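Chemist: pasting a predicted model and its sequence here:
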There are 2 protein chains.
Amino acid sequence: MSTKWCRFQKDGKISYGRIDGESVIAVDGSPWEASADTSTRHPLSSVKLLVPLVPRTFYCVGLNYPEHLIASAKHRGVEPVFPKRPDVNFRSNNALCAHEDPIIKPKDAGELFQYEGELVVVIGKQGRHIPREKALEYVFGWSIGNDVSERDWQRGDRTNWRAKNSDTFNPMGPWIVSGVDYRSMTTLVRLNGKEVARFPTANMINDVETYIAEVSKYCTLQAGDMIWMGTDGDPVNMKPGDVCEVEITGIGILRNKVVAEA
Amino acid sequence: MSTKWCRFQKDGKISYGRIDGESVIAVDGSPWEASADTSTRHPLSSVKLLVPLVPRTFYCVGLNYPEHLIASAKHRGVEPVFPKRPDVNFRSNNALCAHEDPIIKPKDAGELFQYEGELVVVIGKQGRHIPREKALEYVFGWSIGNDVSERDWQRGDRTNWRAKNSDTFNPMGPWIVSGVDYRSMTTLVRLNGKEVARFPTANMINDVETYIAEVSKYCTLQAGDMIWMGTDGDPVNMKPGDVCEVEITGIGILRNKVVAEA
């Protein structure tokens, strides 16, 4: 049975919650530890949903879907090279923002300002040297990320720091869903209501199980860590005023409006 | 006046502390927020020093000293290229370990397993668009990091993930010192007691003020975030059994022994 878990603010208080129909039940503890329902219940529409978690380590995966890899190479004028290994990378917590929060386009960002709809894997328990066949036992649940990218910075800087980690460049949410199968999901992106991307979520070059096994050969995965799994397709540009929705079937819809930096 | 701040464990309890001579005074709150001495005092020798902080975002700087940049290029058989911009990168919290904790060399790591002695900048208050001339007002204090690196992975992988972020690859400590001037410090590295590196800590290509100003153009710096500032020189290899000490004058000595993965 699937369960939706969120983090929310109500009357100045921040809490984890479990979504029950159109209500949120506040829970004690965090969802991936022992949590228990409290007697506090709010209408879902009355709370501010926050980023569902702020991880200790924020892992991400690049070039993990075939069409995106081929399109990226074409834009750079190079031959596509499929990765030899499941190398992971990192994003930064300052870049996280919630469902319905604005994506703020920096003043000096260029036209190639793009979404990337991504599956988010939320780790549920600590592990090191996790065997591939047990990898999904270490997953608490699944969420949606938008790995906003400024392509000129991505191509010109030595790292992806501002290209992919400027404030608000990592919208995530609206919640985390446990008890679902990522292999049956479809990822869709809509820009101002028009579908601009659609791909099978599991159509990855290296799948979730492979990444969990490989990363945990060197790095202890902790409950509350997360891995963003990359995107497919050839994104188009977003401009201030645009509304970007990333939907993953079985999880929900993450919606954010692009706003120009003041 | 300089003050030494630490994080420690005693009788199963974790606390921040202020070091007073040979004693640790437990403090309420974190050092970079309002903290207050408690009445609890322990002999420094009786507590386990922990990593002095686990940041929300762990920034790091690469190729920021001239000799290291030139030596790195030589090892790769390419011409040295001085960075055009102060691009930053990220490290991952799983890699942190404390003073006197073992650096665990993974089973499949090669011979080119090396230290990098680095100044650590601990941010003291939240800021965005911080002017260069006010940058040091946002620094709480200074610590010492050892950015342990596996060079074959660094050269062969798509990212530095396991080359620089495997468990225990980022020893940090022994404490954070506030109220000192980084421009007057010297960084030294000793391997089994023999000096293998010595450089003026401030001999950076882009200095601390430049990085704080540049990073905060795009990323909100938070109290408790940190930036590792890179290293100078041409490191030599470490093998299991070796003891590596990184000293920065005015801060202290960070000591870790290399141990083979079981």
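Modeler: That came through, no problem. Residues are numbered from 1 along each chain as shown, chains lettered A, B, ... in the order given.

Chemist: for chain A, what helix or strand is lowest in average pLDDT?
Modeler: Every helix and strand of chain A was ranked by mean pLDDT, DSSP states H and E. The lowest is helix A:66-76, at a mean of 93.

Chemist: what does that helix contact?
Modeler: A:63, A:79-82, A:116, A:151, A:155, A:199, A:203, A:205, A:230-234 (C-beta atoms under 8 Å, 6 or more residues apart in numbering or on different chains). For glycine as for every other residue, the C-beta is placed from the backbone atoms N, C-alpha and C.

Chemist: and that helix, how far out from the chain middle?
Modeler: 21 Å (C-alpha atoms, centre = their mean, to the nearest Å).

Chemist: buried ones among the contacts of helix A:66-76?
Modeler: Among the contacts of helix A:66-76, those buried by neighbour count (16 or more other C-beta atoms under 10 Å in any protein chain shown) are A:63, A:116, A:151, A:199, A:205, A:230-233.

Chemist: give me the contact status of whatever helix or strand comes next after the least confident helix or strand of chain A with chain B.
Modeler: Per DSSP states H and E, the first helix or strand lying C-terminal to helix A:66-76 is strand A:89-90. Yes: part of strand A:89-90 sits near chain B under the criterion C-beta under 8 Å from any C-beta of the partner chain, namely A:89-90.

Chemist: helices or strands next to strand A:89-90 in the packing?
Modeler: strand A:58-60, helix B:161-165 (3 or more C-beta pairs under 8 Å, 6 or more residues apart in numbering or on different chains; DSSP states H and E).

Chemist: what lines up beside the next helix or strand after the longest one in the sheet?
Modeler: To tie it back to what came earlier, the one meant is helix B:161-165. Later in the chain than helix B:161-165, the nearest helix or strand by DSSP H and E is strand B:170-178. Sheet pairing of strand B:170-178 (DSSP bridges) gives strand B:3-10 (antiparallel), strand B:96-98 (parallel), strand B:139-146 (antiparallel).

Chemist: so which of those strands is the most packed in?
Modeler: Among those, strand B:139-146 has the highest mean neighbour count (mean count of other C-beta atoms under 10 Å in any protein chain shown), at a mean of 26.

Chemist: what helices or strands is the following helix or strand past that strand leaning on?
Modeler: Counting by DSSP H and E, the next helix or strand C-terminal to strand B:139-146 is strand B:149-150. Using 3+ C-beta pairs under 8 Å, 6+ apart, the elements in contact with strand B:149-150 are strand B:113-114, helix B:161-165.

Chemist: point out the most buried one among those.
Modeler: helix B:161-165 (a mean of 24).

Chemist: hmm, back to that, I'd like the helices and strands packed on strand B:149-150 as JSON lines, with mean pLDDT and distance to chain A appended.
Modeler: Putting these into JSON lines (pLDDT from 0 to 100; distance: least, C-beta to the nearest C-beta, whole Å) gives the following:
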{"stretch": "strand B:113-114", "mean pLDDT": "98", "distance to chain A": "13"}
{"stretch": "helix B:161-165", "mean pLDDT": "98", "distance to chain A": "4"}
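
Chemist: out of the ones you listed, flag the one nearest B:E247.
Modeler: Shortest distance between B:E247 and these, using C-beta to C-beta, is found for strand B:113-114: 17.2 Å.

Chemist: now that closest one: how far from the chain's centre is it?
Modeler: Using C-alpha atoms, centre = their mean, the offset of strand B:113-114 from its chain centre is 16 Å.

Chemist: which other helices and strands contact it?
Modeler: By 3+ C-beta pairs under 8 Å, 6+ apart, strand B:113-114 packs against strand B:149-150.

Chemist: what's next to the helix or strand that the strand it packs on is followed by, contact-wise?
Modeler: Heading C-terminal from strand B:149-150, the first helix or strand you meet, by DSSP H and E, is helix B:151-156. Residues outside helix B:151-156 that contact it (C-beta under 8 Å, 6+ apart) are B:75-76, B:109-110, B:112-114, B:160, B:162-164.

Chemist: any chance of the strands paired with strand B:170-178 in TSV, plus mean pLDDT and distance to B:S39?
Modeler: Below are the strands paired with strand B:170-178 laid out as TSV (pLDDT from 0 to 100; distance: least, C-beta to C-beta, whole Å):
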stretch	mean pLDDT	distance to B:S39
strand B:3-10	98	14
strand B:96-98	98	25
strand B:139-146	98	24
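
Chemist: just the ones of the buried ones among the contacts of helix A:66-76 in helices?
Modeler: Assigned to helices by DSSP state H, the following of these qualify: A:R151.

Chemist: just flag the most distant two among the buried ones among the contacts of helix A:66-76.
Modeler: Once C-beta to C-beta is applied, the buried ones among the contacts of helix A:66-76 give A:R151 and A:I205 as the farthest pair, at 20.7 Å.

Chemist: before we move on, back to that, what about the helices and strands packed on strand B:149-150, which gets the closest to A:H129?
Modeler: helix B:161-165 (13.3 Å).

Chemist: gap between the closest one and the chain center?
Modeler: 15 Å.

Chemist: repeat for stretch A:239-249
Modeler: 13 Å.

Chemist: name the surrounding residues that touch that stretch.
Modeler: A:103, A:105, A:111, A:113, A:115, A:117-119, A:142, A:144-146, A:184-193, A:201, A:238, A:253-260.

Chemist: which one of the buried ones among the contacts of helix A:66-76 is nearest B:G21?
Modeler: A:G230 (52.7 Å).

Chemist: residues in contact with the closest one?
Modeler: Taking C-beta under 8 Å, 6+ apart, one finds A:60-65, A:68, A:116, A:118, A:204 in contact with A:G230.

Chemist: what do you get if the cut-off is 10 Å, keeping everything else the same?
Modeler: Going by C-beta atoms under 10 Å, 6 or more residues apart in numbering or on different chains, A:G230 touches A:60-65, A:68-69, A:116-119, A:145, A:147, A:204-206, A:211.

Chemist: for it, phi and psi?
Modeler: phi 90, psi 170 (degrees, to the nearest 10).

Chemist: show me what from the stretch 151-262 of chain A comes close to chain B.
Modeler: A:153, A:156-163, A:165-169, A:214-222, A:225, A:261 (C-beta under 10 Å from any C-beta of the partner chain).

Chemist: same thing but 6 Å
Modeler: Applying C-beta under 6 Å from any C-beta of the partner chain, we find that the stretch 151-262 of chain A lies next to chain B at A:157-159, A:161-162, A:166-167, A:218-220.

Chemist: circling back: reformat the buried ones among the contacts of helix A:66-76 as a markdown table; add pLDDT.
Modeler: A markdown table is the format used below for those (pLDDT from 0 to 100):
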| residue | pLDDT |
| --- | --- |
| A:L63 | 92 |
| A:E116 | 98 |
| A:R151 | 97 |
| A:F199 | 98 |
| A:I205 | 97 |
| A:G230 | 98 |
| A:T231 | 97 |
| A:D232 | 97 |
| A:G233 | 95 |
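
Chemist: of the buried ones among the contacts of helix A:66-76, closest to chain B?
Modeler: A:L63 (7.9 Å; C-beta to the nearest C-beta).

Chemist: quick one on the thing from earlier: how about the helices and strands packed on strand A:89-90, which one is nearest A:A95?
Modeler: strand A:58-60 (8.6 Å).
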